[in-house]
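Peer 1: Here is my input; please provide its structure:
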Amino acid sequence: HSLSSRHTGVLQSRRFLIDSDNSFVRAWGQNSQVRLVIENYPLGNGGLYPAVRLNRDEPGWLRLDTAYRRGSHAWLEFTTDAAERAYFGVTEVLSGDQPELPLETVMSSHALLRGTVPTSLDEVAERYRTVLQEAVHAWEARTLTDEQAAFLNFFVQRDLLPTQRDSLTSLWPLVEQYRQLEREIPVPRRVPGGTGGGWN
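Peer 2: You can find the predicted model right below:
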């Protein structure tokens with residue numbers, strides 16, 4: 001859905017038994033949400049599910065209060081908004097009885113600390129260049145680790161890498177081709193629907 005607002009996105013976890021007071025999700029996104037769907041109910045408890053809006057560009061921990069729903073079967077559901085460009089991502093889900101968020105253990109600087117200690121500014125610059133190049137290649141190969149993603153994200157969010165159309169003129173023909181194809185996608189419409197009940 002980050003590529004086109006004409007495609008919505010939904011990701012569901014496997015069904016599980018709620019056996020703790022909290023569910024913690026390490027996630028990020030824009031114009032999207034994560035919610036806990038209880039017992040297959042189309043609307044839970046008067047239309048309220050434990051849910052959190054995703055409005056952050058970097059991964060971080062979020063908490064869903066599940067104390068009232070212990071003993072219920074549920075699944076986690078990530079959805080994008082239908083009318084706006086949106087995206088979401090998730091790397092980890094935990095549960096526990098204490099409300100404190102888990103500690104963040106992914107650090108963008110870890111890769112810089114590997115190997116021998118640089119002895120000059122040129123060696124520091126070379127270390128940055130090497131780590132950044134490895135992250136870009138891993139992104140292209142779809143083998144990006146959480147640490148590499150955090151490192152690459154640091155540079156992208158601060159405009160230290162070219163990401164705008166004006167600075168990537170060689171990509172203009174591909175961008176125009178993409179926009180033409182996107183214009184041909186029908187705008188999605190919502191209609192009422194139902195599914196059969198039953199337990200897995």
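
Peer 1: so where do the strands sit in the protein?
Peer 2: 10-12, 16-17, 22-38, 51-65, 73-80, 87-96 (DSSP state E).

Peer 1: The longest one packs against which elements?
Peer 2: Counting contacts by 3 or more CB pairs under 8 Å, 6 or more residues apart in numbering; DSSP states H and E, strand 22-38 packs against strand 51-65, strand 73-80, strand 87-96. Every C-beta, even on glycine, is put in place using the N, C-alpha and C of the backbone.

Peer 1: Now do the last one: everything it contacts.
Peer 2: For strand 87-96, contacts defined as CB atoms under 8 Å, 6 or more residues apart in numbering pick out 1-2, 9, 11, 13, 18-32, 34, 54, 59, 66, 76, 78-80, 102, 146.

Peer 1: can you rerun that using 6 Å?
Peer 2: 1-2, 20, 22-29, 32, 54, 78, 102 (CB atoms under 6 Å, 6 or more residues apart in numbering).

Peer 1: What are the buried residues along that strand?
Peer 2: Within strand 87-96, the residues that count as buried by 16 or more other CB atoms under 10 Å are 87-88, 90.

Peer 1: Identify, from these, the entry nearest to residue 133.
Peer 2: residue 87 (25.1 Å; CB to CB).

Peer 1: quick one, which of the strands of the chain is packed in tightest?
Peer 2: strand 22-38 (a mean of 21; mean count of other CB atoms under 10 Å).
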